[in-house]
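[1] Have a look; sequence and predicted model below, questions after that.
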Amino acid sequence: MKRGTLPLNALRAFEATVRHGQMKLAADELGVTYGAISRQVRGLEDVLGVQLFDGPRNKLVPTQAALDLQPALQTAFDGIEQALDQVVNPARRVLDVSCLSTFSMRWLIPRLFDFQERHQDIEVRLTADDGPVDFTRQRHDLAIRVGAGPWDNAQAMTLFEDRVGPVLSPDLIKSGAIKSWEELSDLPVLHTKTRQAAWLDWCAANDHMLPSRGREFEHFYFLLEAATAGLGVAIAPEVLVSDDLRAGRLIAPFGFQPSGQVYVCLHPDQPSKDVIIFLEWLSDSAKDRLKV
């Protein structure tokens, strides 16, 4: 089909429908009615001479022809969007990074000054989120998550293994070095709703009884602040308390053990130059994670 005869409106309607999975969501994105999207898709099927969707209108299933066509269209429309943005905002270079809130506050932000000094023309915008990542539907350029995978709809760069262990303020220890778990068993055990099984898993792995006395916190950041303030003993990921351990605000008497999860940075299949720059910096920072 010649460029001058390309049905661009119909192609936009089709691409948005496959990407969102619903004509209604495609209509919302393009600012038109559901009926307009439906007519555009039917017209595209007539022009191409192939069926693009099966099933009823409320449960559309893309055909193989649709699945073959959509990725190329998305790449093309993404390219047009990027080219126009460079023309309209030639000096604007922004990276939208979706990140776990506690990881952002306790590890990433304290190190971002280094990235900004090296790349002063790139602005990093952080969004606190730990939900699923789909770069075809979301506006993020990158996303930092922790888990066991697999990571659908994204490429994953491993940052480091998630290692956890008990941490507490040295002010709670009156008799020097800790030699056994029993020496801490009378202290309050701090829990968080975001990792409810952390203590249970650690005690089971180390054949310890879980003390019943403790306090629960809504957010992981609050839990770590409570541990630093001497309110009890918390199970914490090594990466989130490395600065506190080095500064002497916390101690980890039994070290850290793998949790079975990993910290990863997720990115699209075709990352931009600025995304690649950030990934390279993040990889170097992760290798040196226990240093400021």
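    Okay, I see it. Residues are numbered from 1 along each chain as shown.
[2] Check which residues of stretch 173-189 are buried.
    Neighbour-count burial for stretch 173-189 flags Ile178, Trp181, Leu184, Leu187, Pro188, Val189 (criterion: 16 or more other Cβ atoms under 10 Å). To be clear about C-beta, it is placed using only N, CA and C from the backbone, and glycine gets the same treatment.
[3] which pair in those spans the largest distance?
    Spanning the widest gap among these are Ile178 and Pro188, at 15.9 Å by Cβ to Cβ.
[4] the helices in the stretch 101-250 of the chain, which residues?
    Per DSSP state H, counting those that start in this stretch, the stretch 101-250 of the chain carries helices over the ranges 101-103, 109-118, 198-206, 220-228, 238-247.
[5] wait, which of those is closest to Pro132?
    Here helix 101-103 is closest among those (Cβ to Cβ), at 16.2 Å.
[6] residues in contact with stretch 15-23?
    Identification of contacts with stretch 15-23 by Cβ atoms under 8 Å, 6 or more residues apart in numbering yields 25-26, 29-30, 34, 37-38, 41, 53, 57, 60, 62, 66-67, 70, 73-74, 77, 136-137.
[7] What residues of that stretch count as buried?
    Across stretch 15-23, burial judged by 16+ other Cβ under 10 Å covers Glu15, Ala16, Thr17, Val18, Arg19, His20, Gln22, Met23.
[8] Keep only those of the residues you listed that are in helices.
    Using DSSP state H, the subset of the buried residues of stretch 15-23 located in helices is Glu15, Ala16, Thr17, Val18, Arg19, His20, Met23.
[9] so can I have CSV of those showing distance to Pro170?
    Shown next, in CSV, are those (distance: Cβ to Cβ, whole Å):
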residue, distance to Pro170
Glu15, 58
Ala16, 57
Thr17, 59
Val18, 57
Arg19, 53
His20, 53
Met23, 61
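[10] ok, and what's touching the lowest-mean-pLDDT helix or strand in the chain?
    Here the helix or strand of the chain ranked lowest by mean pLDDT, DSSP states H and E is helix 64-88, holding a mean of 80. By Cβ under 8 Å, 6+ apart, the residues outside helix 64-88 that reach it are 11-12, 14-15, 18-19, 48, 50-53, 62, 92, 136, 270, 272.
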